[in-house]
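Enquirer: for reference, the sequence and a predicted model appear below.
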Amino acid sequence: MESIKLPFYVKLVCVLISIICIGFIFVIGKDIITSILLAFLFSVLLLPLFSLLHLKLRFPHFLASIVTVLIFVLVIIGILTFISYQISDIANDFSIIKKNAIAVFNDLQNFIKANFNISNGEQKKYIENVTSDSVKNGGEKLGTALGSLSDVLLDCTIIPIFIFLFLLYKKHFTLFLAKLFKKEHHTKLKEILTQIKVSINNYIVGLIIEMIVVAVLTSLGLYIIGVKYFVLLGLITGILNMIPYIGIFIAGVLTVLASLTGTPEISIILGILIVNIIVQLIDNNVLVPLIINTKVEINALFSIIGIIVGGGVAGISGMFLAIPLLAILKIIFDRIESLEPWGYLIGNDLPKKFSWKIKKTKLKE
């Protein structure tokens, strides 16, 4: 049976329609699809541990899946327990934080009054207006926050279950893909699946290494300038740094608030800002190009577009998933001849120079 060759514009329309349909399906079922994709990424990360238990230590398939998930959950619980224990210590210093926050606020008011000629009364009136608007929208924001909290609790329950099922039915899914394609394509299919596993594993391991380095550098910087709870704040900064754009901002705000347990001096706050800026410069110019970009080979333009689109569709989870999903698409595109140009488009293999090669035809007399 001969394959039908379609014109370029027909192929382009089909690709665009497919993207729109996939995007629509993702928007409609984003909650469950996001959980499934996160579970898939973590299950790929846990495959070496699963293989160790199942193949090397001779654990039964079912038991190896359970133990792998339990170890994963215990590690997460351990990190959260450490953070909550440290946060409880900060909560005990709430009265000091409140006192120092008032002192910083008064200093800030005096600075604005001296430099911008805005009286304390005008500043107070503006703050009251902003506060009243916040109170009006408080019910809606509270409902959204509670909804987000319920989603997080649901994800914490369902993602480990999905991870367990992905590990348990790993061979089942592989056999399904083998049945889906003809035998002559199995070599290419195996290459794609292997490369996806390696790419996702390297990316997540790279993220973990980046998180640890950022946490250590931030903790060291905060220790040098004399910030209390520097280990906890460095760890929180490292974890939140995994969230593009907004993560480091949230970490900076939390660090400034926690610094008020010690002293209300503006110099400490400026020191925190300087530490965060220096760590971000190291992260963006050394760690990301060295650890992250070499793992996924996605150019900066499509990385940013993917993160923005992912954030708009599925929030923080979508931003986290954007890069590995683009990496998977690139791996697939690079190995399918008709889609190879799209793989090159989102890749970072930039040519040093390019010139059009046009054959000149001689006119016959």
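Expert: Alright, I've got the coordinates.
Enquirer: so what's residue 288 up against?
Expert: Counting by C-beta atoms under 8 Å, 6 or more residues apart in numbering, residue 288 touches residue 210. The C-beta positions use only the backbone N, C-alpha and C, and glycine is treated the same way.
Enquirer: do the same with residue 45
Expert: Contacts of residue 45 by C-beta under 8 Å, 6+ apart are 200-201, 204-205.
Enquirer: between those residues, which is closest to residue 55?
Expert: Distance to residue 55 across the contacts of residue 45 (C-beta to C-beta) is lowest for residue 201, with 16.8 Å.
Enquirer: which helix or strand contains the closest one?
Expert: If you go by DSSP states H and E, residue 201 is part of helix 186-225.
Enquirer: could you point out which element follows that helix?
Expert: Using DSSP H and E, the helix or strand that follows helix 186-225 in sequence is helix 230-240.
Enquirer: helices and strands around that next one, which ones?
Expert: helix 61-92, helix 186-225, helix 246-259 (3 or more C-beta pairs under 8 Å, 6 or more residues apart in numbering; DSSP states H and E).
Enquirer: contacts for stretch 5-13?
Expert: 14, 338.
Enquirer: equivalent analysis for stretch 211-227, please.
Expert: Counting by C-beta under 8 Å, 6+ apart, 230-231, 233-235, 237-239, 241-242, 255, 258-259, 262, 268, 271-272, 275-276, 278-279, 282-283, 287 sit against stretch 211-227.
Enquirer: could you give me the buried positions within it?
Expert: 211, 213-215, 217-219, 221-222, 227 (16 or more other C-beta atoms under 10 Å).
Enquirer: pipe the residues you listed into JSON lines and attach distance to residue 63 per row.
Expert: Compiled in JSON lines, the buried residues of stretch 211-227 are given as follows (distance: C-beta to C-beta, whole Å):
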{"residue": "211", "distance to residue 63": "30"}
{"residue": "213", "distance to residue 63": "35"}
{"residue": "214", "distance to residue 63": "36"}
{"residue": "215", "distance to residue 63": "34"}
{"residue": "217", "distance to residue 63": "40"}
{"residue": "218", "distance to residue 63": "40"}
{"residue": "219", "distance to residue 63": "38"}
{"residue": "221", "distance to residue 63": "45"}
{"residue": "222", "distance to residue 63": "43"}
{"residue": "227", "distance to residue 63": "46"}
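Enquirer: just to revisit the earlier point, quick one: mean pLDDT over the helix holding residue 201.
Expert: Confidence for helix 186-225, expressed as mean pLDDT, is 88.
Enquirer: and the angle from it to helix 246-259?
Expert: 20 degrees (axes from the mean of the first three to the mean of the last three C-alpha atoms, to 10 degrees).
Enquirer: how far does helix 186-225 sit from the chain's center?
Expert: Relative to its chain's centre, helix 186-225 lies at 11 Å (C-alpha atoms, centre = their mean, to the nearest Å).
Enquirer: alpha carbons only: can I get stretch 212-229 in CSV?
Expert: Extracted in CSV, the C-alpha atoms of stretch 212-229 (Å, rounded to 0.1, in the frame of the first residue of the first chain):
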residue,chain,number,x,y,z
ILE,A,212,21.6,21.7,46.1
VAL,A,213,24.2,24.1,44.8
VAL,A,214,21.8,27.1,45.0
ALA,A,215,20.8,26.0,48.5
VAL,A,216,24.4,25.7,49.7
LEU,A,217,25.5,29.0,48.1
THR,A,218,22.5,30.9,49.5
SER,A,219,23.0,29.3,53.0
LEU,A,220,26.7,30.3,52.9
GLY,A,221,25.9,33.9,51.9
LEU,A,222,23.2,34.3,54.5
TYR,A,223,25.5,32.8,57.2
ILE,A,224,28.2,35.4,56.2
ILE,A,225,25.9,38.3,56.6
GLY,A,226,24.5,37.0,59.9
VAL,A,227,21.0,35.8,59.0
LYS,A,228,19.3,33.4,61.5
TYR,A,229,17.9,30.1,60.1
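Enquirer: picking up where we left off before, any idea which of the contacts of residue 45 has the most stuff around it?
Expert: Neighbour count (other C-beta atoms under 10 Å) singles out residue 200 as the most crowded of the contacts of residue 45, with 24 neighbours.
Enquirer: helix 230-240 and the helix holding residue 201, what's the angle between them?
Expert: 150 degrees.
Enquirer: re the thing from before, residue 333 is nearest to which of the helices and strands packed on helix 230-240?
Expert: Nearest to residue 333, of all the helices and strands packed on helix 230-240, is helix 186-225, at 10.3 Å by C-beta to C-beta.
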